[in-house]
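> A predicted structure for the sequence below; I have some questions about it.
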Amino acid sequence: MRKEQFQTLLQFFKALADESRLKIVGILANQECSVEELAVLLQLKEPTVSHHLSKLKELNLVTMRPEGNSRLYQLDSEALQNISKEIFTPEKIASLIEDVDTEAWESKVLSHYLETNTNNLEVIQRLKEIPASRKKRLVILKWLANKFEEGVQYPEPNVNETLKRYHPDYATLRRELISCKLMQRDNGVYWRHSTAVGTNL
């Protein structure tokens, strides 16, 4: 999401994070109103209504037209639709976290459950325990899945041997990898699922 779109979204939520402004939007969606009418309908003072309208006008959510000595306000439905089309899409909302380290939590889980052992000058990371939490266990399983090369088929003894390097209960880990669809199995042959990705620590 571009910076200006992010700011527009922020202003939008700030502008509507007020009960009176939300009610004004609702009223103006149905009819034109003057400041005086809005003040009576909402039981607010006219300067307060004018303040709320100015906040809504900053986002071009309301339009104004003069009529005699009065000014009539109405919701600009087209502007609302444009904001919805440009910003309120799943892709744009998802892009709000572009500058957030989405792997930070996985890295924390890995650092908590892994310990480093040195054996004959070889550094091996081993599991202290298999997490009880399903979500944390999935992080560990993704990490383990990455120990197998994509596109390579492994006989079950080879899978056991690889998993045993990281935790003695290789049978549970093997079953979990299949259960979570991180690996596939057919007639005692295993291979890494193409969608299996994880954080390497």
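Looks like it came in fine. Numbers count the residues shown, from 1 in each chain.
> where does pLDDT dip in the chain?
Scanning the chain for pLDDT under 70 picks out the ranges 1-2, 87-88, 92-102, 118-122, 195-201.
> ok, 90 please
Across the chain, residues meeting the criterion (pLDDT under 90) sit at 1-18, 22, 58-61, 67-70, 77-107, 115-126, 150-151, 193-201.
> how's it carved up into domains?
Following automatic domain parsing, the chain resolves into domains at 3-97, 104-192.
> okay, these in TSV with mean neighbour count next?
C-beta here means a position set from N, CA and C on the backbone, and glycine is covered the same way. Formatted as TSV, the domains of the chain follow (neighbours: other Cβ atoms under 10 Å):
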stretch	mean neighbour count
domain 3-97	14
domain 104-192	15
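> return the residues in contact with residue 123.
Shown in contact with residue 123 (Cβ atoms under 8 Å, 6 or more residues apart in numbering): 116, 117.
> gap between it and residue 116?
Look at residue 123 and residue 116: by Cβ to Cβ, to the nearest Å, they are 6 Å apart.
> and residue 124, what are its bridge partners?
For residue 124, the beta-bridge partners are residue 117 (DSSP bridges).
> wait, it sits on residue 117?
Yes - in this structure, residue 124 is within contact of residue 117 by Cβ atoms under 8 Å, at 5.0 Å.
> which neighbours do the two have in common?
With contacts defined as Cβ under 8 Å, 6+ apart, no residue is adjacent to both residue 124 and residue 117.
> alpha carbons of the helix or strand containing residue 6, as PDB, please.
Assigned by DSSP states H and E, residue 6 belongs to helix 3-16. Extracted in PDB, the C-alpha atoms of helix 3-16 (Å, rounded to 0.1, in the frame of the first residue of the first chain):
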ATOM      1  CA  LYS A   3       2.100   5.900   1.800                       C
ATOM      2  CA  GLU A   4      -0.600   8.300   0.600                       C
ATOM      3  CA  GLN A   5      -3.200   5.400   0.600                       C
ATOM      4  CA  PHE A   6      -2.100   4.400   4.100                       C
ATOM      5  CA  GLN A   7      -2.600   8.000   5.300                       C
ATOM      6  CA  THR A   8      -6.000   8.100   3.600                       C
ATOM      7  CA  LEU A   9      -7.000   4.900   5.400                       C
ATOM      8  CA  LEU A  10      -5.700   6.300   8.700                       C
ATOM      9  CA  GLN A  11      -7.700   9.600   8.200                       C
ATOM     10  CA  PHE A  12     -10.800   7.600   7.200                       C
ATOM     11  CA  PHE A  13     -10.800   5.600  10.400                       C
ATOM     12  CA  LYS A  14      -9.900   8.700  12.500                       C
ATOM     13  CA  ALA A  15     -12.700  10.600  10.900                       C
ATOM     14  CA  LEU A  16     -15.300   7.900  11.600                       C
END
